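Colleague: I need the structure of the sequence given here:
(one chain, ligands or ions: 1)
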Amino acid sequence: MLHFPVLLEESVDFLITNLDGNYIDCTFGRGGHTSKILRKISPEAKLTSFDKDAEAYEFAKNIKENNFTIKHESFNSLSKYFDEGSIDGILYDLGTCSTHLDNGDRGFSFMRDGPLDMRFNIKKGKPLSDWINNASYDEILNVLYSYGDEKHGKLIAKAIIDFREKKRIATTFDLANLIKDCYPGSRKKIHPATKSFQAFRIFINNELNEIAESLQQAKKILKKNGIIVVISFHSLEDNLVKNFFKPQNLEFPKDIPINSIMSQEFKCIAKKIRATEDEIDINPRSRSAIMRVFKKL
Ligand SMILES: C[S@@+](CC[C@H](N)C(=O)[O-])C[C@H]1O[C@@H](n2cnc3c(N)ncnc32)[C@H](O)[C@@H]1O
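Modeller: Coordinates of the predicted model:
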């Protein structure tokens with residue numbers, strides 16, 4: 001299946017404030033947002049896109065515009081390439097592409113059998129199968145609670161330990177089926193492995209840390225009045241983003257006659273923007289998208 005870019009018009013409209021500006025798309029994917037930005041900006045403007053996935057990088061090589069560059073790297077390396085105050089707008093469209101879920105060989109989906117990998121960048125780190133066959137009960141439980149909010153985490157962690165005493169957990173179906181078998185009650189709509197797969201994906205890709213590191217760099221490289229647009233797909237990402245841009249309460253020493261002052265580097269100019277019913281009809285994945293937009297003051 002093709003990847004449908006989410007909140008495409010809305011995000012790019014907010015992002016571009018100067019047609020000749022310097023822009024970054026942190027999550028190229030299949031280039032939905034990148035192509036839209038390139039159609040909108042002038043040939044004098046610049047766009048640099050990032051993706052740590054090798055297939056996304058290969059796909060990006062089909063884009064021939066002279067003002068476009070692709071980096072096969074994590075978006076936590078922004079400050080390696082850009083000077084402070086040099087960028088007009090930065091876009092994040094977080095999470096996975098449909099193309100990850102559709103390809104069983106990547107190990108992202110509980111609906112397709114394949115090696116249990118789940119890494120965006122298969123050249124870095126270890127596949128999930130290496131970790132899950134060696135982690136302790138507590139480590140597994142911690143991932144399920146922290147990144148999946150999985151209320152049956154204890155049952156699942158125990159089922160993982162029991163399973164691997166007999167056989168290595170090697171495939172997505174090994175993991176999905178053992179979760180299904182231990183999961184209490186019948187859940188008709190949502191697969192019992194949904195939250196666990198999300199939790200393991202966030203963990204194995206170090207997703208939340210990389211987002212936080214990237215936002216820290218994004219803050220610096222943006223120009224005054226520069227824009228950051230973030231599209232998130234679950235509350236952990238969205239809360240991280242929201243809290244990151246909250247005004248800071250600066251504390252002063254006791255001998256200075258000011259108790260505290262709010263330091264506001266960014267203004268939130270749009271919050272909790274969601275896909276329309278029309279978009280959700282065409283692309284059900286957009287149902288969980290939340291967009292926030294911030295402007296550097
Ligand atoms: C939802 S998709 C982006 C889709 C894209 N906006 C489009 O319209 O085609 C998210 C992409 O971000 C990439 N990604 C995830 N974490 C990343 C990171 N830390 N650095 C760079 N790319 C990352 C994934 O590989 C995936 O291709």
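
Colleague: Point me to the helix or strand that includes N243.
Modeller: Assigned by DSSP states H and E, N243 falls within helix 235-244.

Colleague: ok, residues contacting that helix?
Modeller: Outside helix 235-244, the residues that touch it by C-beta atoms under 8 Å, 6 or more residues apart in numbering are 94-95, 147, 202, 207-208, 211-212, 215, 230, 232, 271, 290, 292. (Each C-beta comes from the backbone N, C-alpha and C, glycine too.)

Colleague: What of stretch 69-84?
Modeller: For stretch 69-84, the external contacting residues (C-beta under 8 Å, 6+ apart) are 24, 26-28, 46-52, 54, 57, 60-61, 63, 90, 92, 121, 209-210, 213-214, 217-218, 220-221.

Colleague: now stretch 287-297
Modeller: Identification of contacts with stretch 287-297 by C-beta under 8 Å, 6+ apart yields 6-7, 10-11, 14, 219, 222-234, 238, 241-242, 245, 264-275, 280.

Colleague: mind redoing it with 7 Å?
Modeller: Contacts made with stretch 287-297 from outside it, assessed by C-beta atoms under 7 Å, 6 or more residues apart in numbering, are listed as 6-7, 10-11, 14, 222, 224-234, 238, 241-242, 245, 264-275, 280.

Colleague: From the contacts of stretch 69-84, list just the buried residues.
Modeller: Buried members of the contacts of stretch 69-84, counted by 16 or more other C-beta atoms under 10 Å: 24, 26-28, 46-52, 57, 60, 63, 90, 92, 121, 210, 213-214, 217-218, 221.

Colleague: so of the residues you listed, which ones are in strands?
Modeller: 24, 46-50, 90, 92 (DSSP state E).

Colleague: Domain-wise, how is this structure divided?
Modeller: As assigned by automatic domain parsing, the chain contains the domains 8-98+207-296, 121-204.

Colleague: Reformat those as TSV; add distance to the ligand and mean pLDDT.
Modeller: Below are the domains of the chain laid out as TSV (distance: least, C-beta to the nearest ligand atom, whole Å; pLDDT from 0 to 100):
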stretch	distance to the ligand	mean pLDDT
domain 8-98+207-296	2	93
domain 121-204	8	94
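
Colleague: No further queries at this time; thank you.
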